[in-house]
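Visitor: Build me a model:
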Amino acid sequence: MENLVEIKDVNFSYDVRPVLKRINMTVPRGKVVCIMGLSGCGKTTLLRLIGGALRPTSGEVRVAGTLMNDLDQDGLYEMRRKMGMLFQFGALFTDLSVFDNVAFQMREHTDLPEDMIHDLVMMKLSAVGLRGAQHMMPAELSGGMARRVALARVLALDPMLIMYDEPFTGLDPISMGVISELIRQLNAALGATSIIVTHDVQETLKIVDYVYFMSDGAVVTAGTPDEIRNSTAPFVHQFVWGEMDGPLPFHYPGSAYAADLGLGDARA
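Guide: The predicted structure is shown next:
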């Protein structure tokens, strides 16, 4: 199967602080792939590299065969028109209506007549179940509705690659279920490819085809949802099942408990 995204031997540092270490990753066309791991492990940085917002310190990032870290500004803009990004809290334009938020990219990047833009916006809003909310303002929307409007905006130009940065954050169980089903269904309907960065393990494992698990800037394991659920790797098992203690201990490192209680050399 052809890969839409190929990441080969990628390292990335902010000044002298290493963030990503020798990342190798492929995302096949038409699949939904998830990148999981603790906060600060480099997941969002990886999305920025794929989108061309950052350039790797070394290694290659290719999207549809194009070397992203070799593109000039015009080339980057052209590639980004083929990508969609759902930000963590939607990032809607607060002074624009739902309709105008979804229409924004069409007006900015195409010469389509307004009547065609109207029909396309209605189609995108209908796909996320919010055609009736077209005249509402972002402040009038619930968290789940705002995320769905943001998803409709992502779909505006029918991207080949859709990236989701923590799409389930702050959502109630019903909204979370709606968004997860939309991600899966719309990926299939559009023939797109999706990359999800998330902490929400159980909801995500229901909809993805493959998972990359990161820790401390490196890929530590990868596999299908079933392989990740059944992993015997201590850190992965602790993360997937939300266990209190494991490789990541409950207690932050410190002096002996008895010493902190003023018991001298007594042992905890």
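Visitor: Let me see the ranges of the helices in the stretch 51-200 of the chain.
Guide: 73-80, 98-109, 114-127, 143-154, 173-190 (DSSP state H, counting those that start in this stretch).
Visitor: For the first one, buried residues please.
Guide: Translated: helix 73-80. 79-80 (16 or more other C-beta atoms under 10 Å). Glycine gets a C-beta too; all of them are placed from N, C-alpha and C.
Visitor: Give me the contact list for that helix.
Guide: Helix 73-80 is touched from outside by 51-52, 63-64, 66, 68, 71, with contacts defined as C-beta atoms under 8 Å, 6 or more residues apart in numbering.
Visitor: Mind listing the residues bridging to the residue lying closest to Met36 once chain neighbours are set aside?
Guide: In space, and not counting its chain neighbours, Met36 is closest to Phe213: 5.2 Å by C-beta to C-beta, 6 or more residues apart in numbering. Using DSSP bridges, the beta-bridge partners of Phe213 come out as Met36, Thr221.
Visitor: got a pLDDT number for His251?
Guide: As summarised for this prediction, His251 has a pLDDT of 67.
Visitor: before we move on, what about the one 4 residues further on?
Guide: Confidence per residue is given as pLDDT, and for Ser255 that number is 77.
Visitor: Just confirm it is within a strand.
Guide: No - according to DSSP: H, G, I helix; E, B strand; the rest coil, Ser255 belongs to no strand; its state is coil.
Visitor: Just give me the neighbour total for it.
Guide: Counted with other C-beta atoms under 10 Å, the neighbours of Ser255 add up to 8.
Visitor: I'd like the distance between the closest residue to Asp245 other than its chain neighbours and Asn69.
Guide: Distances taken as C-beta to C-beta, 6+ apart place Gln238 nearest to Asp245, at 7.8 Å, with adjacent residues excluded. Gln238 is 34 Å from Asn69, where distance means C-beta to C-beta, to the nearest Å.
Visitor: separation between Gly262 and Pro18?
Guide: 41 Å.
Visitor: How is Ser39 assigned, secondary-structure-wise?
Guide: Going by three-state DSSP: Ser39 is coil.
Visitor: Can you report how many residues lie near it?
Guide: 8.
Visitor: got it, and Gly51?
Guide: 19.
Visitor: Show me what stretch 225-237 is in contact with.
Guide: 36, 205-206, 208, 211, 213, 215, 220-221, 223, 240, 243, 246-248.
Visitor: can you give me the mean pLDDT across it?
Guide: 81.
Visitor: first vs last residue of it, how far apart are they?
Guide: Terminal residues of stretch 225-237 lie 13 Å apart, using C-alpha to C-alpha, to the nearest Å.
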